[in-house]
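A.B. asks: Quick one, fold the following:
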Amino acid sequence: MSKVHYFQRYSQRENVATNNTLLLLSRLYAHDPSYLAALLNDLLEPTEPIKVGPTFTQQRSHEGASVPDALIEQRSFKLVVEAKRGTEATLAQLKEHLNAFKDEETKVLVLLTPTEQTDAFKEGLRKAVKEFNVQSAEKGKEVVDLCTTFEKIINSFGAILADHDHEMRELLEDYEEYCYEETLLPQRDSWLRAVPCGKTFEDNKELKLYYQPVTRSSREHKYLGIYKDKQVRFIGKVQHIVEADLVEGELSGKLDGLGSGERTRIEKAIMKAKNIEGYDISTGHKFFLVEEFHETSFEKVSPGGLQSQRYFDLVNELGLKNAKELPEVAEIAPLLSEKKWR
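C.D. replies: The predicted model follows:
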């Protein structure tokens, strides 16, 4: 049976990118308004945190003489979003968007693109917003500008979800799949995909592989990292990605290019999984085999664990100019041990 998507595809492409992003944010707000506030604050990192949603207070005096037992209040807020499939946004267009703001208490102008805007563009937008704020003369109600990317929204969204937010993680995975299909995420040879491994961690490490249901999507990636207890602990270069079934002792599937050693590793993984409660990977699974796993300690410093996959651009993480500068995996591993992530 084909997968049911939360987010539409194959329509007017730029409008769909905007609508799908708004749907993602609205679902997050409906799930928990504080999550939307956390997402915006993570992306903006403002000096004054943005507040979204109701606040509840007790026994607080106000301008009148009486003191109510409780108050429920909500700040008004408006997000004005301009989403582009490329980087062709213009300052003139964004300046016009500033007129959409009225007397809201929280105002955020969002430019959403697949790749980062230049520092010069960001500075120009910041200057335009500052001029608008001076002219509006509404102290405490200034517009905040945010230039961000689809990738950053995905990463921040995933970071704020709690362990039990299973439906929201499923929603995010479909949004990420949509963005990847529509080339709204960078296409790089330097992707490291980190995946959480709990009960299977030792088997993954020993057999130099990772497996998942064939129905679970993932971006193309050259490097694989297995995560446990707040750290990516091993990384390897992906050698083969295959779909395989083990039925009546016979391995079958899309096994092109596999040698006998790789086939044996897959068979062992399937047999070992049978000894783990709730695991049966004999059919319907995809296997990611690496050349070798190298030990590292790429630490997650934000609260909570990694509940789903996470992608890192090794060029950015290691401060390189491009993927051609990436060293061998054996050298990347100790370099990543010096880094941290949220």
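
A.B. asks: Which segments of this protein make up each domain?
C.D. replies: 13-152, 188-341 (automatic domain parsing).

A.B. asks: Now do the strands in this protein.
C.D. replies: 54-58, 70-74, 77-83, 106-113, 143-149, 191-196, 209-213, 223-228, 231-247, 250-254, 285-290, 294-300, 310-313, 340-341 (DSSP state E).

A.B. asks: Just name whatever secondary elements the second one is in contact with.
C.D. replies: Strand 70-74 sits against strand 54-58, with contacts defined as 3 or more Cβ pairs under 8 Å, 6 or more residues apart in numbering; DSSP states H and E. Just so you know, the C-beta spots here come from the backbone N, C-alpha and C atoms, and that holds for glycine as well.

A.B. asks: Can you find the helix or strand of the protein with the lowest average pLDDT?
C.D. replies: Lowest on mean pLDDT, DSSP states H and E among the helices and strands of the chain sits strand 54-58, with a mean of 72.

A.B. asks: picking that back up, tell me which of the domains of the chain sits most buried.
C.D. replies: Of the domains of the chain, the one with the most neighbours on average (mean count of other Cβ atoms under 10 Å) is domain 188-341, at a mean of 17.

A.B. asks: tell me the contacts of the nearest residue to residue 297 once chain neighbours are set aside?
C.D. replies: Closest residue in space to residue 297, ignoring its immediate chain neighbours: residue 337 at 4.6 Å, by Cβ to Cβ, 6 or more residues apart in numbering. Contacts here follow Cβ atoms under 8 Å, 6 or more residues apart in numbering; on that basis residue 337 touches 296-298.

A.B. asks: separation between the residue nearest to residue 183 when sequence neighbours are not counted and residue 91?
C.D. replies: Spatial nearest neighbour of residue 183, chain neighbours left out: residue 114 (7.1 Å); criterion: Cβ to Cβ, 6+ apart. From residue 114 across to residue 91, the span is 19 Å (Cβ to Cβ, to the nearest Å).

A.B. asks: With residue 241 instead?
C.D. replies: 43 Å.

A.B. asks: Could you do residue 149 as well?
C.D. replies: Counting by Cβ to Cβ - residue 149 and residue 91 are separated by 18 Å.

A.B. asks: swap in residue 321?
C.D. replies: For residue 321, the distance to residue 91 - Cβ to Cβ - is 28 Å.

A.B. asks: what do you get for residue 188?
C.D. replies: 28 Å.

A.B. asks: mind checking how far stretch 154-163 is from the chain centre?
C.D. replies: 7 Å (Cα atoms, centre = their mean, to the nearest Å).

A.B. asks: circling back: for the residue nearest to residue 183, what are its contacts?
C.D. replies: Taking Cβ under 8 Å, 6+ apart as the test, what residue 114 contacts is 84-87, 149-151, 183-186.

A.B. asks: Tell me who's in contact with the residue lying closest to residue 122 once chain neighbours are set aside.
C.D. replies: Leaving aside its chain neighbours, residue 122 sits nearest to residue 147 (5.3 Å; criterion: Cβ to Cβ, 6+ apart). Residue 147 makes contacts with 111, 113, 116-117, 121-122, 125, as judged by Cβ under 8 Å, 6+ apart.

A.B. asks: coming back round to it: hey, least reliable of the domains of the chain by pLDDT?
C.D. replies: Among these, domain 13-152 carries the lowest mean pLDDT, a mean of 85.

A.B. asks: So what's the gap between that one and the chain middle?
C.D. replies: 19 Å.

A.B. asks: Relative to residue 295, how far out is residue 195?
C.D. replies: Taken as Cβ to Cβ, the span from residue 195 to residue 295 is 16 Å.

A.B. asks: how about the helices of the stretch 51-200 of the chain, start to end?
C.D. replies: 91-97, 119-136, 150-160, 166-181 (DSSP state H, counting those that start in this stretch).

A.B. asks: Now do the third one against strand 294-300, angle only.
C.D. replies: Using axes from the mean of the first three to the mean of the last three Cα atoms, to 10 degrees, the inter-axis angle of helix 150-160 relative to strand 294-300 is 80 degrees.

A.B. asks: now what about helix 150-160, what contacts it?
C.D. replies: 17, 21, 24, 28, 35, 38-39, 42-43, 112-114, 169, 172, 175-176, 179, 184-186, 302, 304, 307-308, 310-311, 342.

A.B. asks: next one: the last one
C.D. replies: By Cβ under 8 Å, 6+ apart, the surrounding residues in contact with helix 166-181 are 5-7, 9, 20-21, 24, 27-28, 31, 150-151, 154, 157-158, 161, 184-185, 216-217, 219, 307-308.

A.B. asks: Could you rerun that using 6 Å?
C.D. replies: 5-7, 24, 27, 31, 150, 154, 157-158, 161, 185, 217, 219, 308 (Cβ atoms under 6 Å, 6 or more residues apart in numbering).

A.B. asks: Identify the farthest-apart pair in these.
C.D. replies: Spatial extent of the contacts of helix 166-181 (Cβ to Cβ) is set by the pair 31 and 219 at 24.6 Å.

A.B. asks: What separation do you get for the residue nearest to residue 297 and residue 330?
C.D. replies: Taking Cβ to Cβ, one finds residue 337 at 12 Å from residue 330.

A.B. asks: Same check on residue 231?
C.D. replies: Distance from residue 231 to residue 330, by Cβ to Cβ: 18 Å.
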